[in-house]
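> Compute the structure for the input listed below.
(chains A and B)
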Amino acid sequence: GAVVSQHPSWVICKSGTSVKIECRSLDFQATTMFWYRQFPKQSLMLMATSNEGSKATYEQGVEKDKFLINHASLTLSTLTVTSAHPEDSSFYICSARDASGSGVFFGPGTRLTVL
Amino acid sequence: DAKTTQPTSMDCAEGRAANLPCNHSTISGNEYVYWYRQIHSQGPQYIIHGLKNNETNEMASLIITEDRKSSTLILPHATLRDTAVYYCIVRGIGNTPLVFGKGTRLSVIA
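Numbering: from 1, shown residues only, chains lettered A, B, ... in the order given. This next block holds a predicted model:
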């Protein structure tokens, strides 16, 4: 199946700093990518839909100025958590949709810990 | 909100078939049924998807009822490595995102 990578796999940062997470589709072009976060013992929660070359669409309750999403190419989307606080500590997962629209593949996730 | 209902948890003996049910009574005609699983601290792994016909691949079989209101994922010979949370998701094609419910926690027991 198609491969999606994320970098870094884990990151620890101080409160108030910004963290960038990269999501790459390695062997296919993804016009649409999705960002999720997952708190312990909970399911994945959709944060935003990212379309190449246009602004991301955020889910209700997700602050667009705090979670900056850039989808500058067909293989790369980035999520930047700005001014991170301990409550932003979570498992962030991206997924990418293939050209057919039927295949959606997930990255391995990035664990963010904010001290 | 998720459009599916799944049991919270299930156990299965190693080597036996694991049958995971899913109800999706409000599914629309152009929506597919997708199954993913998530092993602890990893990203979800695609298993299989279907529209109305039964589907089979190297991982599993998907049985969809004729009225499409429910489906069953079958892992024919469960192993310990199949222990995971299994998500049944209804989704249209295109830019529609996958919306996750709580899933079924499958424990395969030796």
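
> Please name the spatially closest residue to the residue of chain B most remote from its centre (chain neighbours excluded).
The centre of chain B is farthest from one residue, B:Ala110, which by Cα atoms, centre = their mean lies 22.2 Å away. The spatial neighbour of B:Ala110 that comes closest, neighbours along the chain excluded (Cβ to Cβ, 6 or more residues apart in numbering or on different chains), is B:Glu14 at 5.1 Å. Quick note: C-beta positions are derived from backbone N, CA and C, even for glycine.

> cool, B:Asp11 as well?
Per Cβ to Cβ, 6+ apart, closest to B:Asp11 is B:Ser107, 5.1 Å.

> how many neighbours does the one you found have?
Neighbour count for B:Ser107, taken as other Cβ atoms under 10 Å in any protein chain shown: 14.

> for A:Val104, same thing?
Neighbours of A:Val104 (other Cβ under 10 Å): 25.

> residues in contact with the residue nearest to B:Asp11?
By Cβ atoms under 8 Å, 6 or more residues apart in numbering or on different chains, B:Ser107 lies in contact with B:Ser9, B:Met10, B:Asp11, B:Cys12, B:Thr83.

> Nearest to chain A: which residue in chain B?
Chain B approaches chain A most closely through B:Gly43 (3.9 Å), counting by Cβ to the nearest Cβ.

> for the residue nearest to B:Asp11, phi and psi?
Torsion angles at B:Ser107 (phi, psi; degrees, to the nearest 10) stand at phi -110, psi 120.

> got a pLDDT number for it?
We have a pLDDT of 98 for B:Ser107.

> Could you pull out the strands in chain A for me?
Secondary structure of chain A (DSSP state E): strands at A:4-7, A:10-13, A:19-25, A:32-38, A:45-51, A:57-58, A:67-73, A:76-81, A:90-97, A:104-106, A:110-114.

> Chain B: which of those strands is closest?
strand A:104-106 (3.9 Å).

> ok, A:Pro40 to B:Ala78 distance?
Using Cβ to Cβ, to the nearest Å, A:Pro40 is found at 26 Å from B:Ala78.

> who has more neighbours, the two?
B:Ala78 (21 against 7).

> close enough to count as contact, the more buried one and B:Leu20?
No. Counting by Cβ atoms under 8 Å, B:Ala78 does not reach B:Leu20; the two are 10.3 Å apart.

> what do those two both touch?
With Cβ under 8 Å, 6+ apart, B:Ala78 and B:Leu20 have common neighbours B:Leu106.

> picking that back up, tell me the phi and psi of the residue of chain B closest to chain A?
Reported as degrees, to the nearest 10, the phi and psi values for B:Gly43 are phi -70, psi 160.

> which stretches of the chain have low pLDDT?
Just going to use chain A. For chain A, the stretches with pLDDT under 70 are A:1.

> Chain B is the one I meant
Counting by pLDDT under 70, chain B has low-confidence residues at B:1-2.

> Show me the strands in it, by range?
Going by DSSP E, chain B shows strands at B:9-13, B:18-23, B:31-38, B:45-50, B:55-56, B:61-64, B:70-75, B:84-92, B:104-109.

> returning to that earlier point: any idea how far the residue farthest from the centre of chain B lies from B:Pro7?
B:Ala110 is 22 Å from B:Pro7, by Cβ to Cβ.

> ok, now A:Phe28?
Separation of A:Phe28 from B:Pro7 (Cβ to Cβ): 34 Å.
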